[in-house]
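In: I'll drop the sequence and a predicted model, then ask my questions.
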Amino acid sequence: MCAEDLSVYEAIRMRRDVRAEFTGDLVDDATLWRILDAAHRAPSVGNSQPWDFVVVHEHATLRKFADHVAQKRIEFRDALPPDRAATFDPIKIEGITESGTGIVVTYDHDRGGPQVLGRATVPETGIYSAVLAIQNLWLAATAEQIGVGWVSFYDAEFLTDLVGLPDGIRPVAWLCVGPVHEFQRIPDLERFGWRTGRPLTDAVHQETFRV
């Protein structure tokens, strides 16, 4: 199924946090720019577009970040109770070198000036905007049969230094991006027994929040 034939609902259902399924091939430039264009078309508070995208291909940078993430994985595992550590052990948390491409999504709180329309009473709408860009990117990538994995086992200061972010620019995500052999039918955290999903009926409330 090509991107033009895939509905947004199908892309949402297919989307997975990819770790082990990358082919090792690089995503071609034309596809990468289409995916970034989709991300850049995301809605943003006050049309501030507070995101930037740092595309990383250098193997030395990918390897350095992967080593850092591996250490953070160990620290997380060692802090778990033994039964949860045993469940966590087989779960792969990143595909940094395997994907061959990293996209660091950043947030600039000053983008749009001191008065950002719509952000005055809910300042978090700025960071929410950057996350909407990530969602756009992820769904567009899925439609292109490109996998995305969101890596969150890192120190923000380390990533800031690694990709040379200036003062005031905050890293929001490292996304591993690349062609995949397949998309798993069941999310990894469910397959490995870490946590199951909630049914929609448990998440929908009418008029007021019910406990």
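Out: Arrived safely.

In: CA only for contacts and neighbour counts going forward, please
Out: Noted.

In: I'd guess Ala85 is in a helix, am I close?
Out: Yes: counting by DSSP: H, G, I helix; E, B strand; the rest coil, Ala85 is part of a helix.

In: Now do the contacts for Phe153.
Out: Val69, Lys72, Arg73 (Cα atoms under 8 Å, 6 or more residues apart in numbering).

In: what's the span of stretch 114-130 from first residue to last?
Out: Start-to-end span of stretch 114-130 (Cα to Cα, to the nearest Å) is 18 Å.

In: hmm, who's touching it?
Out: So stretch 114-130 is contacted by 42-46, 48-51, 105-107, 109, 172 (Cα under 8 Å, 6+ apart).

In: how about 7 Å then?
Out: Pro43, Ser44, Val45, Gly46, Pro50, Trp51, Tyr107, His109 (Cα atoms under 7 Å, 6 or more residues apart in numbering).

In: neighbours around the fifth one, how many?
Out: Around Pro50 sit 23 other residues, with neighbours defined as other Cα atoms under 10 Å.

In: who touches it in this structure?
Out: Contact partners of Pro50, counting by Cα under 7 Å, 6+ apart, are Tyr107, Asp108, His109, Arg111, Gly126, Ala130.

In: Could you pull up the residues touching Pro43?
Out: For Pro43, counting by Cα under 7 Å, 6+ apart, the contacting residues are Ser129, Leu132.

In: one more time with 10 Å, if that's ok
Out: Contacts for Pro43 (Cα atoms under 10 Å, 6 or more residues apart in numbering) come out as Gln49, Tyr128, Ser129, Ala130, Leu132, Ala133, Asn136.

In: Kindly report the same for Gly102.
Out: Neighbour list for Gly102: 53-58, 61-62, 65, 95-96, 148-151, 173-178 [criterion: Cα under 10 Å, 6+ apart].

In: Can you list which of those residues are found in helices?
Out: Thr61, Leu62, Phe65, Ile96 (DSSP state H).

In: Centre of the chain to the biggest strand by length in the chain, how far?
Out: Criterion DSSP state E: the longest strand present in the chain is strand 169-179. Relative to its parent chain, strand 169-179 has a centroid offset of 6 Å by Cα atoms, centre = their mean, to the nearest Å.

In: Grab the nearest non-local neighbour of the residue most central in space within the chain.
Out: Closest to where the C-alpha atoms of the chain average out (Cα atoms, centre = their mean) is Trp150, at 3.3 Å. Using Cα to Cα, 6 or more residues apart in numbering and skipping residues adjacent in sequence, the residue nearest Trp150 is Leu175, 4.7 Å away.
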